[in-house]
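**Q** Build me a model:
(chains A and B)
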There are 2 protein chains.
Amino acid sequence: MNNPLILVTNDDGIGANGIRALVEVAKEFGETVVVAPDSPQSGMGHAITLKKPLRLKEVSIFENVKAFKCSGTPVDCVKIAVDVVLARKPDLCVSGINHGPNSSINVVYSGTMSAAMEAAIEGINSIGFSLLNFSANANMDTSKIVARKIIEQTLKNNLPQQKLINVNIPDVDVSLLQGFKICRQAKGRWTEEFDKRTDPFGRDYYWLTGRYDCEDKGQDTDIWALEHNYVSIVPVKHDLTEYEGLPFLNEHWQLDSL
Amino acid sequence: MNNPLILVTNDDGIGANGIRALVEVAKEFGETVVVAPDSPQSGMGHAITLKKPLRLKEVSIFENVKAFKCSGTPVDCVKIAVDVVLARKPDLCVSGINHGPNSSINVVYSGTMSAAMEAAIEGINSIGFSLLNFSANANMDTSKIVARKIIEQTLKNNLPQQKLINVNIPDVDVSLLQGFKICRQAKGRWTEEFDKRTDPFGRDYYWLTGRYDCEDKGQDTDIWALEHNYVSIVPVKHDLTEYEGLPFLNEHWQLDSL
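**A** The predicted model follows:
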């Protein structure tokens, strides 16, 4: 594709190191425009802003790249980018590089992946990138090499029908990377352990904390790939129908009368 | 099931008429506990609260039903209900009745459905209910009859493997209801039209507005069912893997080297 238009967004905010690394890679491939949240938005899932208006402000923080910070969620950023900022529909949307993993069930909570999914819903090829390191100062060298390869393959060989992949990157030197695995989302979930405290005024409050449990021993999952130092690539869909559930309901439920 | 434990939540807030209607139906079936947001949370998707603590307060607003309002998102409400409020895992979670539809792609943005999905992820049979009327004063008579039937069938005949259904209810008198349809999620999306304004200080701001476009002519979709005055029932999954996309990536992508 000749000089593709590439939208870059994230959920850690426009000032994060991860988006800076992704912008540096994206601009090697085409015209790059950034629209990202003006503050961290981790865990925002597919939230949109309905009850207050959005602010949008052009900023000069990336060399030779137009960039805008937006007061909304990651999904808001993609919507306003496509409708207000960009002159035409972008050829590709890349989201991240997230500081922390979005493998397994985390795809559901992730602002990074929701931004990418929003672009896919709008018919745009889209990639979410996440590094298995939560630190704001995480080393992005391996991630940049991986992102370059994935963007190259996407532009050259296209994405599956639903136009979205979830890429997670082990936090290792590139020399230790074992390669890439096309995977499914591992079955797993968070077990919450709310941390109950009392404020100076005697009122209780709760911090949401938790532990991730993988219930999946399969070797074709993203969790398995990452544990073995492979980059995981999961194709993701926004049609949430459980098709396998349709015959169950048709056979077992009695719905002939109210 | 003998006296099941039923968790009720929503995204319109604990004071909404929709949750009151749902509580009235749920308590006919078993021990009912409400944990719902203390303020409206529409469009929150699968957001969770990570950067501030949560408040939880018992309130007396439903007759003979324990109820708690929570300062978090709909998903937070389910997490804190299961981990802090309830003595054991509930047998069923019902979310809604939402004031407004959550058919087609709206399942992705909906706080109502995300709360229900969170319960399903935690292994709890779960149902999201939505009425095709946005009014805070919408008549809930038909919805209550529908919810009663759906809860009865769920307790009696179980749900599909991923433990979640999305139920949308036409805004008509029960005499006009054509029955129930087991459906797939219709393909469709929102086209945004941001409403740009200028504040009294000369700065621009944007309201997110949009128009829903259904791209799907199928007669097996939730949109078709609702347009023909059927209650739509879509089984929903939280494994977002696009399994059909795995062979595409394996065949077409070259990932042997970095």
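**Q** Around the residue lying closest to residue A:88 once chain neighbours are set aside, how many other residues sit close by?
**A** In space, and not counting its chain neighbours, residue A:88 is closest to residue A:5: 6.6 Å by C-beta to C-beta, 6 or more residues apart in numbering or on different chains. Yep, even glycine has a C-beta here, placed from its N, CA and C like the rest. By other C-beta atoms under 10 Å in any protein chain shown, the residues close to residue A:5 number 18.
**Q** wait, doesn't residue A:5 sit right on residue A:31?
**A** Yes: judged on C-beta atoms under 8 Å, residue A:5 makes contact with residue A:31 at a distance of 5.1 Å.
**Q** gap between the residue nearest to residue A:88 and residue A:33?
**A** Using C-beta to C-beta, to the nearest Å, one gets 7 Å for the distance from residue A:5 to residue A:33.
**Q** which residues are in contact with both of these two?
**A** With contacts taken as C-beta atoms under 8 Å, 6 or more residues apart in numbering or on different chains, residue A:5 and residue A:33 have A:86, A:90 as neighbours in common.
**Q** quick one: the strands in chain A?
**A** A:5-9, A:31-37, A:56-59, A:66-70, A:92-99, A:126-131, A:164-169, A:179-182, A:188-192, A:195-198, A:204-207, A:210-214, A:230-235 (DSSP state E).
**Q** Make TSV out of these and add mean pLDDT.
**A** Listed next are those as TSV, based on pLDDT from 0 to 100:
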stretch	mean pLDDT
strand A:5-9	98
strand A:31-37	98
strand A:56-59	97
strand A:66-70	98
strand A:92-99	98
strand A:126-131	98
strand A:164-169	98
strand A:179-182	97
strand A:188-192	91
strand A:195-198	94
strand A:204-207	94
strand A:210-214	91
strand A:230-235	98
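**Q** What about residue A:42, how many residues nearby?
**A** 22.
**Q** looking at it, it is touching residue A:115, isn't it?
**A** No: with contact defined as C-beta under 8 Å, residue A:42 does not reach residue A:115; the gap is 11.8 Å.
**Q** list the residues that contact both of these two?
**A** residue A:11.
**Q** Nearest spatial neighbour of the residue of the stretch 51-200 of chain A found nearest chain B, chain-adjacent residues omitted?
**A** As assessed by C-beta to the nearest C-beta, chain B sits closest to residue A:160 within the stretch 51-200 of chain A, at 2.8 Å. Computed as C-beta to C-beta, 6+ apart, the closest residue to residue A:160 that is not its neighbour in sequence is residue B:245, at 2.8 Å.
**Q** how close does that neighbour get to residue B:16?
**A** 39 Å.
**Q** Would you tell me which helix is longest in chain A?
**A** Counting by DSSP state H, the longest helix found in chain A is helix A:141-157.
**Q** buried sites along that one?
**A** Buried residues in helix A:141-157, counted by 16 or more other C-beta atoms under 10 Å in any protein chain shown: A:142-151, A:153-155.
**Q** just checking: which of those residues also lie near chain B?
**A** Residues shared between those and the neighbourhood of chain B are A:145-146, A:149, A:153 [C-beta under 8 Å from any C-beta of the partner chain].
**Q** Tell me where the model's unsure across chain A.
**A** For chain A, no stretch has pLDDT under 70.
**Q** Now do the contacts for residue A:193.
**A** Contact analysis of residue A:193 by C-beta under 8 Å, 6+ apart lists A:209-211, B:83.
**Q** Redo those as a markdown table? Include distance to residue A:252 and neighbour count.
**A** A markdown table is the format used below for those (distance: C-beta to C-beta, whole Å; neighbours: other C-beta atoms under 10 Å in any protein chain shown):
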| residue | distance to residue A:252 | neighbour count |
| --- | --- | --- |
| A:209 | 39 | 12 |
| A:210 | 34 | 14 |
| A:211 | 35 | 9 |
| B:83 | 31 | 17 |
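**Q** Touching stretch A:58-73 from outside, list them.
**A** Contacts of stretch A:58-73 (C-beta under 8 Å, 6+ apart): A:14-15, A:20, A:23, A:27, A:32-38, A:41, A:44, A:47-49, A:54-57, A:76-77, A:80-81, A:85, A:111, A:114, B:47, B:208.
**Q** Got a quick PyMOL command for the buried subset of the residues you listed?
**A** This is the PyMOL syntax for the buried subset of the contacts of stretch A:58-73, where burial follows 16+ other C-beta under 10 Å:
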select buried, (chain A and resi 14+15+20+23+27+32+33+34+35+36+37+38+41+44+47+48+49+54+55+56+76+77+80+81+85+111+114) or (chain B and resi 47+208)
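**Q** Show me the contacts of stretch A:58-73 that map onto helices.
**A** Filtering the contacts of stretch A:58-73 for helices - DSSP H - leaves A:20, A:23, A:76-77, A:80, A:111, A:114.
**Q** show me which of those neighbour chain B.
**A** Checking the ones in helices among the contacts of stretch A:58-73 against chain B (C-beta under 8 Å from any C-beta), the matches are A:76, A:80, A:114.
**Q** show me what contacts residue A:189?
**A** Counting by C-beta under 8 Å, 6+ apart, residue A:189 touches A:105, A:212-213, A:215, B:121-123.
**Q** Who does it form a beta bridge with?
**A** Residue A:189 has these beta-bridge partners by DSSP bridges: residue A:213.
**Q** any idea how far residue A:80 is from it?
**A** For residue A:189 relative to residue A:80 (C-beta to C-beta), the value is 33 Å.
**Q** Same check on residue A:251?
**A** 45 Å.
**Q** what do you get for residue A:174?
**A** Noted for residue A:174: a distance of 35 Å to residue A:80, by C-beta to C-beta.
**Q** Please apply the same query to residue A:14.
**A** The gap separating residue A:14 from residue A:80 is 13 Å, by C-beta to C-beta.
**Q** quick one on the thing from earlier: show me which pair in the contacts of residue A:193 is furthest apart.
**A** A:211 and B:83 (11.5 Å; C-beta to C-beta).
**Q** Now do the buried residues in stretch A:159-179.
**A** Buried residues in stretch A:159-179, defined by neighbour count with 16+ other C-beta under 10 Å: A:159-160, A:162-171, A:177.
**Q** same question, stretch A:106-119
**A** A:106-119.
**Q** Likewise for stretch A:117-128?
**A** A:117-122, A:124-128.
**Q** Keep only those of the residues you listed that are also close to chain B.
**A** Okay, of those touching chain B (C-beta under 8 Å from any C-beta), that's A:117, A:121-122.
**Q** who touches the residue nearest to residue A:29 when sequence neighbours are not counted in this structure?
**A** Once flanking residues are discounted, residue A:29 sits nearest to residue A:151: 5.7 Å by C-beta to C-beta, 6+ apart. By C-beta under 8 Å, 6+ apart, the residues touching residue A:151 are A:6, A:25-26, A:29, A:92, A:94, A:127.
**Q** 7 Å instead, please
**A** The contact partners of residue A:151, by C-beta atoms under 7 Å, 6 or more residues apart in numbering or on different chains, come to A:25-26, A:29, A:94.
**Q** out of the residues you listed, what pair is the most spread apart?
**A** Most distant of those, by C-beta to C-beta, are A:29 and A:94, 9.6 Å apart.
**Q** With distance to residue B:234 added, can I get the buried residues of helix A:141-157 in JSON lines?
**A** Shown next, in JSON lines, are the buried residues of helix A:141-157 (distance: C-beta to C-beta, whole Å):
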{"residue": "A:142", "distance to residue B:234": "40"}
{"residue": "A:143", "distance to residue B:234": "37"}
{"residue": "A:144", "distance to residue B:234": "41"}
{"residue": "A:145", "distance to residue B:234": "41"}
{"residue": "A:146", "distance to residue B:234": "36"}
{"residue": "A:147", "distance to residue B:234": "35"}
{"residue": "A:148", "distance to residue B:234": "39"}
{"residue": "A:149", "distance to residue B:234": "37"}
{"residue": "A:150", "distance to residue B:234": "32"}
{"residue": "A:151", "distance to residue B:234": "34"}
{"residue": "A:153", "distance to residue B:234": "34"}
{"residue": "A:154", "distance to residue B:234": "30"}
{"residue": "A:155", "distance to residue B:234": "35"}
